[in-house]
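Colleague: How does the following fold in three dimensions:
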Amino acid sequence: MSGNGKFLKGQLLLDGGNLSGSFFHQSVVLICQHDAEGAFGLVLNHSLGKTVGEMIVADLPDTLRESPLYLGGPVQPTALSYLHTDNFIPNADVLPNLALGHSIDELVDIGESFSTGKKVKMFAGYAGWSPGQLEREMKLKSWLAFPASLELVFETPPGQLWQKILKSKGGWRNKLLSQTPDDLSRN
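Modeller: Numbering: from 1, shown residues only. Okay, here's the model as predicted:
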């Protein structure tokens, strides 16, 4: 499944074509934590269509207030999580130079830093799995795994992320799946 064979932390999970009609239809989820206690992830490609400042009441720097807010998953939609990167993050806990945060105070500090290399992506809610649940879903082939990268997390337009990764995976099935319309009734 992953580099260590069991846990998927640092991997992207994609709807493998079996999640139609669910919240996760055509989703790309970054697995931020995964161990024997369960898994925690953030959906990277579900924008709320609102800015952080429109949805969160906090004294944030303007650059953060004007950022888009993403729906990280169906669990606790009022919970704030964020991913951030910079030129060097010694305590990165998701990928090298990619950290997960939940603290508004730390988010303000990140937003007020003068680093030109910083990037932040903010989420309301998250995706969560109980112990063994994600492993069962992987066995059922509900998800396709793909290595995460900073480029995919921060640079790829969210509306193109699912299709781009499927095409990168190769194979005729993935190519065909990437061309499937969001609403099959339009086909």
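
Colleague: just checking, S168 is part of a strand?
Modeller: No: checked against DSSP: H, G, I helix; E, B strand; the rest coil, S168 lies outside a strand; its state is helix.

Colleague: Now do the contacts for the nearest residue to it once chain neighbours are set aside.
Modeller: Nearest non-adjacent residue to S168, counting by CB to CB, 6 or more residues apart in numbering: F146, 7.3 Å away. The way it works is simple: take the backbone N, C-alpha and C, and place the C-beta from them, glycine included. Contacts for F146 (CB atoms under 8 Å, 6 or more residues apart in numbering) come out as Q11, L12, L13, L14, I165, S168, K169.

Colleague: What are the boundaries of the helices in this protein?
Modeller: 52-55, 62-65, 104-112, 133-139, 150, 158-169, 172-178 (DSSP state H).

Colleague: Reformat these as JSON lines; add distance to A39.
Modeller: Output for the helices of the chain, formatted as JSON lines (distance: least, CB to CB, whole Å):
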{"stretch": "helix 52-55", "distance to A39": "25"}
{"stretch": "helix 62-65", "distance to A39": "27"}
{"stretch": "helix 104-112", "distance to A39": "23"}
{"stretch": "helix 133-139", "distance to A39": "5"}
{"stretch": "helix 150", "distance to A39": "21"}
{"stretch": "helix 158-169", "distance to A39": "19"}
{"stretch": "helix 172-178", "distance to A39": "23"}
